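Enquirer: coordinates only, sequence not included:
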């Protein structure tokens, strides 16, 4: 059995999407058990009429919700009865629970996970690692993408090692091609941090380090893993998403500006629907928080049921692949090499 | 008269594109005078048969070329007879010359411009400021986009002030909306550098500072100027360009995969041609190097004649708008406020 907690509040489509996603996931994974946290009446009313294995789903009542506009550290201290904090405390205290999923406040989740669930021994900072689709049908992970803005060489090394195991474990990529995000591909490029990190990454056991990469090649399919500080990793992922969305928006506007374009687009409607699906983050799940003692997945705030289902699947696969144990082993080994 | 030097070698289409661009620009600006540097025989052979005002075009022979694979500091020391160094030395020594344009090695140009042309008094570091088209038909500048990877708060302030004047002077934007590239829009977001820079930028005289911005909004049209360290600014611009290009490439591939798409795309050919033109950097000129004692413009290595013409226009407008003088004044004023 794999037992996970799903925070059912805090997202744009909560709790309906969360509950529906949970029901999907229970159907797909017969050895999955879920605990849903949040207002019990609301959750029960969403569950009403749905077919699911009641023996594998429990509800843990939590009357409060942490909003995205609240100061994280303050919110997690004050709102102990929130769906997020109830989930975190259950993960912390119950040995049979393997991890959690939330689409609520990112800051509150990172703070609560770090302080209450705790880091794996030796992990300096947990790292966010989302994945994006590449243009040749693969995926690419970015570690860290925003959990840590001021980082050291050893932190970058840990971000790389943790994400490397994650990509192996969840996506089955045997030797992820890992590259350091930089302003040029030559080994001597970059700021002091990058120059110092390069040889350390190149010497890291078990890491298939292929050198520096430029941000323009993120979606090219040349790399499986981008190693970055949380500041530039965040700039990278958001600018890529932003550029794709702005381009689609512009295409749409231009299509509607002339009849001939509308006819053309009508003929190409199947292709455009595929492009849209390809670019929809809902199909790629959430951003996992690597380095915690248990599995933690952060879904997008606007996640619908399909995205929630994907996030649960990610957490399930992380646990099934024993990612936490493997990470603990490799982090301990890194420490002996330092 | 505005007198500029054009380095005619070092680009993918040099010297043909450079010479053709020079001839275009001379036609458009009757008070423009150009000096072309590079192999005189090659330049003269490109000029042969073209109609231009010979009184406003001279050729300065330079037998060597600096390649993009050479170490910049070494190349500028060793290749004194290169088209780039001849251009730089002429700008340095001739009071009637106002600036230069090159599409050659970026590193060599920055090093040579900094060391030989020199910085404006008080400028800590020159900054690269390219502009990109926004989706609503405007433009957005990014300063710095790669000249400086390890920066201080005062450098960020100077990058902002210099680019602010540039956008006013060359693009006629009266009060550019300037934002600090960050990982969130709230004032307290970011790393130590960003947290320290925010109040300094907010208090900078003459700067219309609108707060933090996220990279996803680069092309939205909400901002005229992005203030960034050269590392994240470089990640920003290259990931945006990369995402747009990869998406176009994917669209093209998908169009060719089915006949119905090909028919649709044929009907929409005018629109697609416009999208391509819209995204073509050739129409937006080069990346200007702000903070030097004379005007310096770096064009893309793959610039064709139209892009070279645009780069010359940028340099021309910078000089016509007295950008160097205005920058010197404002940098001096900043120093008195510190």
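Expert: Noted; the coordinates are in hand. Given the structure is predicted, the values throughout are model-derived calculations rather than measurements.

Enquirer: hmm, the longest helix seen in chain A in reach of chain B?
Expert: Using DSSP state H, we find that the single longest helix of chain A is helix A:230-255. Yes: Helix A:230-255 reaches chain B (CB under 8 Å from any CB of the partner chain) through A:230-232, A:234-236, A:238-247, A:249-251, A:254-255. Glycine gets a C-beta too; all of them are placed from N, C-alpha and C.

Enquirer: Following the chain past that helix, name the next helix or strand.
Expert: helix A:259-267 (DSSP states H and E).

Enquirer: just the angle between that next one and helix A:230-255, please?
Expert: For helix A:259-267 against helix A:230-255, the angle by axes from the mean of the first three to the mean of the last three CA atoms, to 10 degrees is 120 degrees.

Enquirer: does any part of helix A:259-267 sit near chain B?
Expert: Yes: legend: contact between helix A:259-267 and chain B by CB under 8 Å from any CB is shown at A:260-261, A:263-267.

Enquirer: Following that helix in sequence, what is the next regular element?
Expert: Following helix A:259-267 in sequence, per DSSP H and E, is helix A:269-279.

Enquirer: which residues sit against that next one?
Expert: A:133, A:244-245, A:248, A:265, A:283, B:250-251, B:254-255, B:258, B:260-261, B:264 (CB atoms under 8 Å, 6 or more residues apart in numbering or on different chains).

Enquirer: switch to 6 Å and redo it
Expert: A:244, B:254, B:261 (CB atoms under 6 Å, 6 or more residues apart in numbering or on different chains).

Enquirer: Same check on stretch A:218-234?
Expert: A:134-136, A:138, A:140-142, A:144-149, A:151, A:156, A:159-160, A:163, A:167, A:173, A:176-181, A:213, A:240, B:183, B:191, B:232, B:235, B:239, B:246.

Enquirer: among those residues, which are in helices?
Expert: Per DSSP H, the contacts of stretch A:218-234 map to helices at A:156, A:159-160, A:163, A:167, A:240, B:232, B:235, B:239, B:246.

Enquirer: next helix or strand past the helix or strand containing residue A:22?
Expert: Residue A:22 is part of helix A:16-28 when elements are defined by DSSP H and E. Moving toward the C-terminus from helix A:16-28, the next helix or strand (DSSP H and E) is strand A:32-38.

Enquirer: After that following strand, heading C-terminal, what element do we hit next?
Expert: Immediately after strand A:32-38, counting by DSSP H and E, sits helix A:40-47.

Enquirer: pLDDT on that next one, on average?
Expert: Averaging pLDDT along helix A:40-47 yields 97.

Enquirer: for chain B, what are the nearby residues on chain A?
Expert: A:135, A:146, A:149-150, A:183, A:191-192, A:214-216, A:218-219, A:231-232, A:234-236, A:238-244, A:246-247, A:250, A:254, A:260-261, A:263-264, A:267-268, A:271 (CB under 6 Å from any CB of the partner chain).

Enquirer: on that earlier part again, dump the contacts of helix A:269-279 to CSV, plus pLDDT and neighbour count.
Expert: Shown next, in CSV, are those (pLDDT from 0 to 100; neighbours: other CB atoms under 10 Å in any protein chain shown):
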residue, pLDDT, neighbour count
A:244, 86, 21
B:254, 82, 18
B:261, 79, 20
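
Enquirer: I'd like those residues as JSON lines, with distance to residue A:54 appended.
Expert: Shown next, in JSON lines, are the contacts of helix A:269-279 (distance: CB to CB, whole Å):
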{"residue": "A:244", "distance to residue A:54": "41"}
{"residue": "B:254", "distance to residue A:54": "44"}
{"residue": "B:261", "distance to residue A:54": "47"}
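
Enquirer: if we can go back for a sec, now the buried members of the contacts of stretch A:218-234.
Expert: The neighbour-count test (16 or more other CB atoms under 10 Å in any protein chain shown) applied to the contacts of stretch A:218-234 identifies A:134-135, A:138, A:140-142, A:144-149, A:151, A:156, A:159-160, A:163, A:167, A:173, A:176-181, A:213, A:240, B:183, B:191, B:232, B:235, B:239, B:246 as buried.

Enquirer: Sitting in strands, which of the contacts of stretch A:218-234 do you find?
Expert: A:140-142, A:177-181, A:213 (DSSP state E).

Enquirer: Can you tell me which of those lies closest to chain B?
Expert: residue A:181 (6.6 Å; CB to the nearest CB).

Enquirer: For residue A:245, see how far away the nearest residue to the closest one once chain neighbours are set aside is.
Expert: Excluding its sequence neighbours, the residue lying closest to residue A:181 (CB to CB, 6 or more residues apart in numbering or on different chains) is residue A:228, at 4.1 Å. Distance, residue A:228 to residue A:245, by CB to CB, to the nearest Å: 21 Å.

Enquirer: Give me the buried positions along the least confident helix or strand in chain A by mean pLDDT.
Expert: When each helix and strand of chain A is scored by mean pLDDT, DSSP states H and E, helix A:269-279 comes last, with a mean of 78. For helix A:269-279, burial by neighbour count (16+ other CB under 10 Å) applies to A:271-272, A:275, A:278-279.

Enquirer: what's the model's confidence in the next helix or strand after it, averaged?
Expert: Once helix A:269-279 ends, the next helix or strand along the chain (criterion: DSSP H and E) is strand A:287-290. Over the span of strand A:287-290, the pLDDT mean works out to 96.

Enquirer: can you check stretch A:314-322 too?
Expert: pLDDT averaged over stretch A:314-322 gives 97.

Enquirer: For it, which outside residues touch it?
Expert: A:2, A:4, A:29, A:32, A:98-99, A:101, A:169-170, A:285, A:295, A:297.

Enquirer: I'd like the distance between residue A:162 and residue B:241.
Expert: Taken as CB to CB, the span from residue A:162 to residue B:241 is 30 Å.
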